[in-house]
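Undergrad: Predicted structure and sequence below. I'll ask about it afterward.
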Amino acid sequence: MNFNHNLLARMRMAGQSWRDAQTFVGPAQGSMHPDQLQKLTAVTELIQRTLNDNLPGLAKTGSHTVSDQTSPQYATQKQSLHDINTPPEKKRDSQPQGDVAHQAYVIDAEDSSQEKKNDHSNAGRFISGSYVSVHGKRSYKLYIPSSYEVHPGQALPLIVMLHGCTQGPDDFATGTGMNLIAEQHRCLVVYPAQDQGANTSKCWNWFKAMDQQRDQGEPAMIAGITRKIMADYHVDNRYVFIAGMSAGGAMAAIMADTYPELYAAVGIHSGLPFGAANDLPSALAAMRGASNQIKTPSTGAAIPIIVFHGDQDHTVNSKNADRIMTRYLDNSHSSALKTQKESGSGKQGRRYTRTYYAGNDQAQKANHKVTSAEQWIIHGAGHAWSGGNSQGSFTDAAGPDASREMLRFFLSQADKIQGA
């Protein structure tokens, strides 16, 4: 049968629009929200109408038409499809060992490119583990750089990385290239894994009330994994950071608010602010860019933050990046911060605008504990990790290297806090 290519494209996009919503906030096992059912029904009807209108020998059941390829809706759906890359190959293993002096933490943000593509050059060890508490059980994978054995007893920085929906530790490690950077700069990296029994799409449940509270649900388990690694390995407690992508970015924002004493800084890529939703409908609205009631931090604290977001993200609207920054500034010494902006491009040409908030001299002289923040808007990028490895899912190799920039920011902020 000679299928019409435009028809097939429209059918694929119709299915994709449903999968995008389901993937990010996949329902708890065994349940489906009426809004989701309505979306699924609408997609099914669209496919059926399209088939009736375009395949010979079938009676037409309605007069509805499907938007053509020149419409904004088509461009949006096409971008969503473009953002999803092929799954990665599985990571390999290696072994533990020691810390380094402050100088070893200094990172040149420009030296990443080709090395990151060949992530298999890691010399460290990528091992599996699990954590069990009254709140539940979660598995994780831990990257231990080869330097851990070379310098026994020395304490290393620890980075906690929270994957997005449909991802896992291996995929996320491959896509971000964080293990390679950790090997180069002597860091431990732990990747907690969401259990599919808790969310069928393996999303962190950032939109559930219980999973937005300290010492409850998923935040308690992630904090527990963090503390377990800190207890089992030589970790410099001043250099513990957390970062995440998409649903993992939203959960990282929750962790920063609920455990500010545990983490020295947070990185949020394509995520949402803490308190942006409290159920599935409000989660979907927040993802589209609707402004919901934003909770204030339970501790009144604001740890240093770096945010990345593509301005063509049609899964999580980039307005959320602005709201994350507004929330940070409202809960920090924002009057003592000065704003700087710069523009540039990644190694493959993707343009970005970086806004940097720094403490001014007057505040430093007054001995205020002024934290700082960065917001990176990646122009033309969708729902994808900037500068990532295309062997991982949801990556955009053309953008600036978010992994390397995050680690550079993390370590500089920890040094600033140490010297305060």
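TA: In hand now; what should we look at?
Undergrad: the helices in the chain, which residues?
TA: Remark: helices assigned in the chain by DSSP state H are 5-24, 34-54, 72-83, 113-117, 147-150, 169-176, 178-185, 217-232, 247-258, 280-288, 319-330, 361-365, 402-419.
Undergrad: and those, which one's lowest on average pLDDT?
TA: By mean pLDDT, the lowest-scoring of the helices of the chain turns out to be helix 72-83, with a mean of 34.
Undergrad: neighbours around Val150, how many?
TA: For Val150, the neighbour count with other C-beta atoms under 10 Å is 12. Every C-beta, even on glycine, is put in place using the N, C-alpha and C of the backbone.
Undergrad: My error: substitute Gly153 in the last question.
TA: Around Gly153 there are 9 residues (other C-beta under 10 Å).
Undergrad: mind checking how far it is from Asp232?
TA: 14 Å (C-beta to C-beta, to the nearest Å).
Undergrad: Check Gly289 too.
TA: 42 Å.
Undergrad: okay, those two: which has more neighbours?
TA: Gly289 (14 against 11).
Undergrad: Can you give me every residue that contacts that one?
TA: 317-320 (C-beta atoms under 8 Å, 6 or more residues apart in numbering).
Undergrad: Of those, which is the most crowded?
TA: Asn320 (26 neighbours).
Undergrad: Hmm, Gly275 and that residue touching each other?
TA: No: using C-beta atoms under 8 Å, Asn320 makes no contact with Gly275, being 11.9 Å away.
Undergrad: those strands in the stretch 301-420 of the chain, which residues are they?
TA: 305-310, 337-345, 351-359, 373-378, 385-386, 395-396 (DSSP state E, counting those that start in this stretch).
Undergrad: Now render those as TSV, adding mean neighbour count.
TA: Formatted as TSV, those follow (neighbours: other C-beta atoms under 10 Å):
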stretch	mean neighbour count
strand 305-310	28
strand 337-345	12
strand 351-359	18
strand 373-378	24
strand 385-386	28
strand 395-396	26
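Undergrad: May I see the ones you listed organised as JSON lines, with distance to Ile144 and mean pLDDT added?
TA: Converted to JSON lines, these look like this (distance: least, C-beta to C-beta, whole Å; pLDDT from 0 to 100):
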{"stretch": "strand 305-310", "distance to Ile144": "25", "mean pLDDT": "97"}
{"stretch": "strand 337-345", "distance to Ile144": "33", "mean pLDDT": "90"}
{"stretch": "strand 351-359", "distance to Ile144": "32", "mean pLDDT": "90"}
{"stretch": "strand 373-378", "distance to Ile144": "28", "mean pLDDT": "96"}
{"stretch": "strand 385-386", "distance to Ile144": "23", "mean pLDDT": "98"}
{"stretch": "strand 395-396", "distance to Ile144": "24", "mean pLDDT": "96"}
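Undergrad: want to try JSON lines for those, with distance to Leu262 as columns?
TA: Output for the strands of the stretch 301-420 of the chain, formatted as JSON lines (distance: least, C-beta to C-beta, whole Å):
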{"stretch": "strand 305-310", "distance to Leu262": "15"}
{"stretch": "strand 337-345", "distance to Leu262": "24"}
{"stretch": "strand 351-359", "distance to Leu262": "23"}
{"stretch": "strand 373-378", "distance to Leu262": "19"}
{"stretch": "strand 385-386", "distance to Leu262": "24"}
{"stretch": "strand 395-396", "distance to Leu262": "28"}
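Undergrad: closest to Asp195 out of those?
TA: strand 385-386 (22.5 Å; C-beta to C-beta).
Undergrad: What pairs with that closest one, parallel or antiparallel?
TA: strand 395-396 (parallel) (DSSP bridges).
Undergrad: Before we move on, what's the pLDDT of Asp401?
TA: pLDDT at Asp401 comes out at 97.
Undergrad: how near is it to Phe308?
TA: Applying C-beta to C-beta, the value for Asp401 to Phe308 is 10 Å.
Undergrad: joint contacts of the two?
TA: In contact with both Asp401 and Phe308: Ser386, using C-beta under 8 Å, 6+ apart.
Undergrad: Give me the below-cutoff pLDDT ranges for the stretch 101-250 of the chain.
TA: 101-122 (pLDDT under 70).
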